[in-house]
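Peer 1: Sharing a model that was predicted from the sequence below.
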Amino acid sequence: MPGHDETGPAPQARPGRLLTGVVWAVLLLVLWLCGREVTGLRPGGAGPSTGDMAAAGRPPQVDLPPAHRPLGEAQPRRLDIPGLDVRAPVVSRGLDERGALDPPPFDRPDVVGWYAGGVTPGAPGTALVVGHVDTETRPAVFYKVSTLRPGQKIRVVREDAGVAEFTVEDIQVIARDGFDARQAYGPRRSGRAELRIVTCGGTFDAVRERYTANVVVYAYLTGTTA
C-alpha cells in the first residue's frame, strides 16, 4: 500500500494468542486481498472453484506425522515450500484504515505477509500468512499453492534461527460469498501450533475485479531444527 512501511517493527504478539472476538470480524475482510488484484492472466488460473482440494486425487489414506509440541514466540523471516520451489521473505502486516488485513505490497508479489496481530508460526494457536496469487503480468508467490497435497512440508525460518516445519493436512477452496472465518482460521485441534496459508482462488470475475474464492491451506507443526 502506498505510504505503508512494511519494513517497520511488527506488533508484539502475545504468547498463545488466538484469533478471537473482533478479530474474527476483521479477518472476514482478508478477502479484500483478492478484490484488489486485477489480473491479466488467464481467467481461472488461480485454481478450481470451491470444495475440498485435498480430497481430489489423493490416496485413500495419507499417513500424517504426529504433532510436535509448540514452540515459543519468534517472528518469521522466510517461508519455504520445497514442493513448489517457494522461498519467500516474510513481512509483518497489520490492519489498514478500514480495519481490513493489509496484504503484502502489490509491487512485491514474491513476499508473504504474516498477520502480526496473531501468534507467530510455531507458537500455540493459529498463525496466519497471506500472499498474492498473481499480478497484472505474472504469477505471484502463491500461484501454485492450490496444488499442495496432504503430507507436503512448509518450513518457516524464524528470527531465533530455528526452522519450524509444518505438514499440510488439508486444502480448501472457500467461496467469498458466505465466507466462514472460523472455518478458515479456527484451530482444528486444541493445543497444537497451526499454520494457515490464504490466497485467492476460484475464478476471476472481470466485472467485479476480484476472485470468487480463497484457497486456504491447513498445516500443523510436526518438527523443528535449530
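Peer 2: Cool, the structure landed. Numbering: from 1, shown residues only.

Peer 1: I figured residue 70 hits residue 192, correct?
Peer 2: Yes. Counting by C-beta atoms under 8 Å, a contact exists between residue 70 and residue 192, whose distance comes to 7.0 Å. In this view, the C-beta of every residue, glycine as well, is placed from N, C-alpha and C.

Peer 1: CA atoms only for the longest strand seen in the chain, dumped as PDB, please.
Peer 2: Using DSSP state E, we find that the single longest strand of the chain is strand 210-225. Written as PDB, here are the backbone C-alpha positions of strand 210-225 (Å, rounded to 0.1, in the frame of the first residue of the first chain):
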ATOM      1  CA  ARG A 210     -11.900  -9.900  -7.900                       C
ATOM      2  CA  TYR A 211     -11.500 -13.600  -7.500                       C
ATOM      3  CA  THR A 212     -14.600 -15.600  -6.400                       C
ATOM      4  CA  ALA A 213     -13.000 -17.700  -3.600                       C
ATOM      5  CA  ASN A 214     -10.000 -18.100  -1.300                       C
ATOM      6  CA  VAL A 215      -7.600 -21.100  -1.200                       C
ATOM      7  CA  VAL A 216      -6.900 -22.000   2.400                       C
ATOM      8  CA  VAL A 217      -4.100 -24.400   3.300                       C
ATOM      9  CA  TYR A 218      -4.200 -26.000   6.800                       C
ATOM     10  CA  ALA A 219      -1.000 -27.200   8.300                       C
ATOM     11  CA  TYR A 220       0.400 -28.000  11.700                       C
ATOM     12  CA  LEU A 221       3.800 -28.100  13.400                       C
ATOM     13  CA  THR A 222       5.500 -31.500  13.100                       C
ATOM     14  CA  GLY A 223       9.100 -30.700  13.600                       C
ATOM     15  CA  THR A 224      11.800 -28.200  14.200                       C
ATOM     16  CA  THR A 225      15.500 -27.700  13.500                       C
END
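
Peer 1: Which secondary structure state is assigned to the residue most central in space within the chain?
Peer 2: The chain has residue 197 as the residue nearest its centroid, 1.9 Å off, counting by C-alpha atoms, centre = their mean. Under the three-state scheme (DSSP: H, G, I helix; E, B strand; the rest coil), the conformation of residue 197 reads as strand.

Peer 1: if I look at it, how far off is residue 156?
Peer 2: Summarising the geometry, the distance separating residue 197 from residue 156, computed by C-beta to C-beta, to the nearest Å, is 11 Å.

Peer 1: so how far is the longest strand of the chain from its chain's centroid?
Peer 2: A distance of 5 Å separates the C-alpha centroid of strand 210-225 from that of its chain, computed with C-alpha atoms, centre = their mean, to the nearest Å.

Peer 1: mind listing what's buried in it?
Peer 2: Counting neighbours by 16 or more other C-beta atoms under 10 Å, one finds that the buried residues in strand 210-225 are 210-222, 224.

Peer 1: can you check stretch 86-100 too?
Peer 2: 86, 88, 90, 91, 92, 93, 95, 100.

Peer 1: Quick check: mean pLDDT of it?
Peer 2: Over the span of stretch 86-100, the pLDDT mean works out to 86.

Peer 1: Output that stretch as PDB - backbone C-alpha positions only.
Peer 2: C-alpha atoms of stretch 86-100 as PDB (Å, rounded to 0.1, in the frame of the first residue of the first chain):
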ATOM      1  CA  VAL A  86       8.900 -21.300  -3.000                       C
ATOM      2  CA  ARG A  87      11.400 -19.300  -0.800                       C
ATOM      3  CA  ALA A  88       9.700 -16.100   0.200                       C
ATOM      4  CA  PRO A  89      10.700 -13.400   2.600                       C
ATOM      5  CA  VAL A  90       8.000 -12.700   5.200                       C
ATOM      6  CA  VAL A  91       6.900  -9.200   6.100                       C
ATOM      7  CA  SER A  92       4.700  -8.200   9.100                       C
ATOM      8  CA  ARG A  93       1.200  -6.900   8.300                       C
ATOM      9  CA  GLY A  94      -1.400  -5.300  10.400                       C
ATOM     10  CA  LEU A  95      -4.800  -3.700   9.700                       C
ATOM     11  CA  ASP A  96      -5.500  -0.900   7.300                       C
ATOM     12  CA  GLU A  97      -7.600   2.200   7.900                       C
ATOM     13  CA  ARG A  98     -10.700   0.300   7.000                       C
ATOM     14  CA  GLY A  99     -10.000  -2.400   9.600                       C
ATOM     15  CA  ALA A 100      -9.100  -5.000   7.000                       C
END
